[in-house]
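Engineer: Take this sequence and fold it.
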Amino acid sequence: MSGVRVLVGTRKGAFVLTSDAKREQWEVAGPHFGGWEIYHVAGSPVDPNRLYASQSTGWFGQLIQRSDDGGKNWEPVGNQFEYDGVPGTHQWYDGTPHPWEFARVWHLEPSLTDPDTVYAGVEDAALFRSVDAGQTWQELPGLRGHDSGSSWAPGAGGMCLHSIVLDPRDPGRMYVAISAAGVFRTDDAGKTWRAANRGLQSEGIPDQEAEAGHCVHHIAMHPSRPDVLFMQKHWDVMRSDDAGESWHEVSGNLPSDFGFPIEVHPHEPDTIYVVPIKSDSEHYPPDGKLRVYRSRTGGNEWEALTEGLPQRDCYVNVLRDAMAVDSLEECGVYFGTTGGAVYGSPDAGDSWAPIVRDLPAVLSVQVQTLP
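Structural biologist: So this is what the prediction gives:
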């Protein structure tokens, strides 16, 4: 019988949650790397035993950890992330030039076809690739070399490249999202990039036609329909039907269109999930009620999913990488909170239950469907 493995990165370690296809009983393993920030844990879609973790330590800097046995054992691998070519500058909060400086790896995205190839999105915003299972890393400098690069500026969480979306139909095409620069697309495996932000509207940007400057929080794609993209932005839920050439708003009847994660149902390309929070200054659910919202129409019409979730006095947040779906026949949906709970729904969001409580603040959640 197949099962699932939920990979959880937290402020103080990584946890691996495992269950069978019923998703009723869970085994909790961890903390791995106890005490250290784990920004992201990612599993290979082609090798269920291969996992990667981004470990950030105050003493030793950024480390990449790799497991070849599904998270039972880990080994540190390459930790050299050096910007390629002339360093250049980007724009700082006050508009002054600032040199590019590597701070941490925010997101790891394993290849759809090769377990030894993995991409890393870092702060300050850049894209790196390893083709030897994380031992060595090389920047794809065409992204930072985009004409708009010198105008990129950090969002409140830093200038992070936090989303990497690979097109399953075209190995040369991928998308990245940067806070606060926007979405960029490559069609030649990272050599050259084009901005993909037309239609986005952002307060504080004098030129609404500017190629860059939008604070995108997360982007998602369904593999059967790779030209359709969904976005949770700093205010607004957006959709593109033309591979990022243009975007239109689909926030509809949400109680707030501010939030961080967005995910797509694995079998229903028009079913999407978001977790609204009150505002850009009040990072907690509206009315203190933790609600996941689901649209079965690709946006605009949304329903609140509340069964099993706290509906009073709840003031946690769900961060951009802290929501995921499995690919079992009846879809499972999972998310983690800054209050240390990981919730799971075995019925596509109709009902929820905590898998585990009282973890450190959850930074990321990813799911592997096991054979």
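
Engineer: burial measure for residue 129, as a count.
Structural biologist: Applying other C-beta atoms under 10 Å, we find 17 residues neighbouring residue 129. Using the backbone N, CA and C atoms, a C-beta is placed for each residue, glycine as well.

Engineer: measure stretch 91-106 end to end?
Structural biologist: Stretch 91-106 has its terminal residues 20 Å apart, counting by C-alpha to C-alpha, to the nearest Å.

Engineer: buried set for that stretch?
Structural biologist: Buried positions in stretch 91-106, judged by neighbour count with 16 or more other C-beta atoms under 10 Å: 91, 98, 100, 102, 104, 105, 106.

Engineer: Stretch 65-83 too?
Structural biologist: 65, 66, 67, 70, 71, 74, 77, 78, 81, 83.

Engineer: where's the first one relative to residue 138, distance?
Structural biologist: In this case it means residue 65. Distance from residue 65 to residue 138, counting by C-beta to C-beta, to the nearest Å: 19 Å.

Engineer: Next, the residue nearest the centre of the chain: phi, psi?
Structural biologist: In the chain, the centroid-proximal residue (C-alpha atoms, centre = their mean) is residue 321; its distance is 3.5 Å. Per-residue torsions, residue 321: phi -100, psi 10 (degrees, to the nearest 10).

Engineer: Can you give me the pLDDT of the spatially closest residue to it that is not a sequence neighbour?
Structural biologist: The shortest distance from residue 321 to any non-neighbouring residue, by C-beta to C-beta, 6 or more residues apart in numbering, is to residue 364 (4.0 Å). At residue 364, the predicted lDDT confidence score is 98.

Engineer: which SS state does residue 364 fall under?
Structural biologist: Secondary structure for residue 364, judged by DSSP: H, G, I helix; E, B strand; the rest coil, is strand.

Engineer: who's it bridged to?
Structural biologist: Taking DSSP bridges as the rule, residue 364 bridges to residue 9, residue 321.

Engineer: quick one, what contacts it?
Structural biologist: With contact taken as C-beta atoms under 8 Å, 6 or more residues apart in numbering, residue 364 is in contact with 7, 8, 9, 38, 39, 40, 41, 319, 321, 322, 336.

Engineer: returning to what we had before: need the buried residues of stretch 65-83 in CSV with distance to residue 358, can you?
Structural biologist: Shown next, in CSV, are those (distance: C-beta to C-beta, whole Å):
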residue, distance to residue 358
65, 24
66, 28
67, 24
70, 24
71, 20
74, 23
77, 31
78, 34
81, 33
83, 39
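
Engineer: State the number of residues packed around residue 109.
Structural biologist: When neighbours are counted by other C-beta under 10 Å, residue 109 comes out with 22.

Engineer: Tell me which stretches of the stretch 101-250 of the chain form strands.
Structural biologist: 104-110, 118-123, 126-130, 138-139, 160-166, 174-179, 182-186, 194-195, 216-221, 229-233, 237-240, 248-249 (DSSP state E, counting those that start in this stretch).

Engineer: Redo the ones you listed as JSON lines? Include distance to residue 351 and mean pLDDT.
Structural biologist: Shown next, in JSON lines, are the strands of the stretch 101-250 of the chain (distance: least, C-beta to C-beta, whole Å; pLDDT from 0 to 100):
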{"stretch": "strand 104-110", "distance to residue 351": "30", "mean pLDDT": "97"}
{"stretch": "strand 118-123", "distance to residue 351": "33", "mean pLDDT": "98"}
{"stretch": "strand 126-130", "distance to residue 351": "38", "mean pLDDT": "98"}
{"stretch": "strand 138-139", "distance to residue 351": "44", "mean pLDDT": "96"}
{"stretch": "strand 160-166", "distance to residue 351": "29", "mean pLDDT": "98"}
{"stretch": "strand 174-179", "distance to residue 351": "31", "mean pLDDT": "97"}
{"stretch": "strand 182-186", "distance to residue 351": "34", "mean pLDDT": "98"}
{"stretch": "strand 194-195", "distance to residue 351": "41", "mean pLDDT": "97"}
{"stretch": "strand 216-221", "distance to residue 351": "23", "mean pLDDT": "97"}
{"stretch": "strand 229-233", "distance to residue 351": "23", "mean pLDDT": "98"}
{"stretch": "strand 237-240", "distance to residue 351": "24", "mean pLDDT": "98"}
{"stretch": "strand 248-249", "distance to residue 351": "30", "mean pLDDT": "98"}
